[in-house]
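Undergrad: Sequence first, then the predicted structure, then my questions.
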Amino acid sequence: MASRLGKVTVAFLVSAFVAGAVLGLLTFMLAAPSNLSGPLDGALRIVSLAALATLVVGAIAVLPAIMAIVLAEWFTIRHPIYFAAWGGLVPLLLYLPVLFGDGDRSFPRGLGVICVIGLFAGLLYWRLAGRNSGKMR
């Protein structure tokens, strides 16, 4: 049981890291700062953006991910579509309060990209740990 819990934890952390790193890299590429002093400055900005995005993605996605993982373990759900759907829907579900709030109700352009990144993070989690869901029992 302890080894399964460790595998699930590591798989979530790796998925959050990869999603954050891709999000940070895309942010850097789209921002394209022109005041870089050299290749080292650009690399440091990419690493810092990826680290920040990883922290944000991990912190925001931890509760929905725990819910998805517990459901998958409890009901022995091993299908990759389940994990991909959770990964893709979580950003959309987290945006709903903003969409139905008092502020701007427009659909942001980047939300689709973030949903696709989440979809692939869910598939990565499935590849690392989700294929064996239900073995904790």
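TA: That came through fine.

Undergrad: can we go C-alpha only for contacts and neighbour counts from here?
TA: Will do.

Undergrad: Where does pLDDT dip in the chain?
TA: Along the chain, the parts satisfying pLDDT under 70 run over 1, 32-36, 101-107, 136-137.

Undergrad: Do you have the strands of it handy? List them.
TA: Counting by DSSP state E, the chain has no strands at all.

Undergrad: remind me, longest helix of it?
TA: Counting by DSSP state H, the longest helix found in the chain is helix 39-75.

Undergrad: In that one, which residues are buried?
TA: Burial within helix 39-75, assessed by neighbour count using 16 or more other CA atoms under 10 Å, is assigned to 42, 45-47, 49-55, 57-58, 61, 64-65, 68-69, 72-73.

Undergrad: Does anything pack onto that helix? Which helices or strands?
TA: Other elements packing on helix 39-75 under the criterion 3 or more CA pairs under 8 Å, 6 or more residues apart in numbering; DSSP states H and E are helix 2-31, helix 80-99.

Undergrad: angle of that helix against helix 2-31?
TA: In terms of direction (axes from the mean of the first three to the mean of the last three CA atoms, to 10 degrees), helix 39-75 departs from helix 2-31 by 140 degrees.

Undergrad: Centre of the chain to helix 39-75, how far?
TA: Averaging C-alpha coordinates over helix 39-75 and over its chain gives two centres that are 5 Å apart (CA atoms, centre = their mean, to the nearest Å).

Undergrad: sorry, back to before: now the helices and strands packed on helix 39-75 in CSV, with distance to Ser133 and mean neighbour count?
TA: Below are those laid out as CSV (distance: least, CA to CA, whole Å; neighbours: other CA atoms under 10 Å):
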stretch, distance to Ser133, mean neighbour count
helix 2-31, 9, 18
helix 80-99, 11, 18
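
Undergrad: For Pro108, which of these is the nearest?
TA: helix 80-99 (9.7 Å; CA to CA).

Undergrad: Can you list the neighbours in contact with the closest one?
TA: Applying CA atoms under 8 Å, 6 or more residues apart in numbering, the external contacts of helix 80-99 come out as 61, 64-65, 68, 104-107, 111, 114-123, 125-126, 130-131.

Undergrad: Sounds good, over and out.
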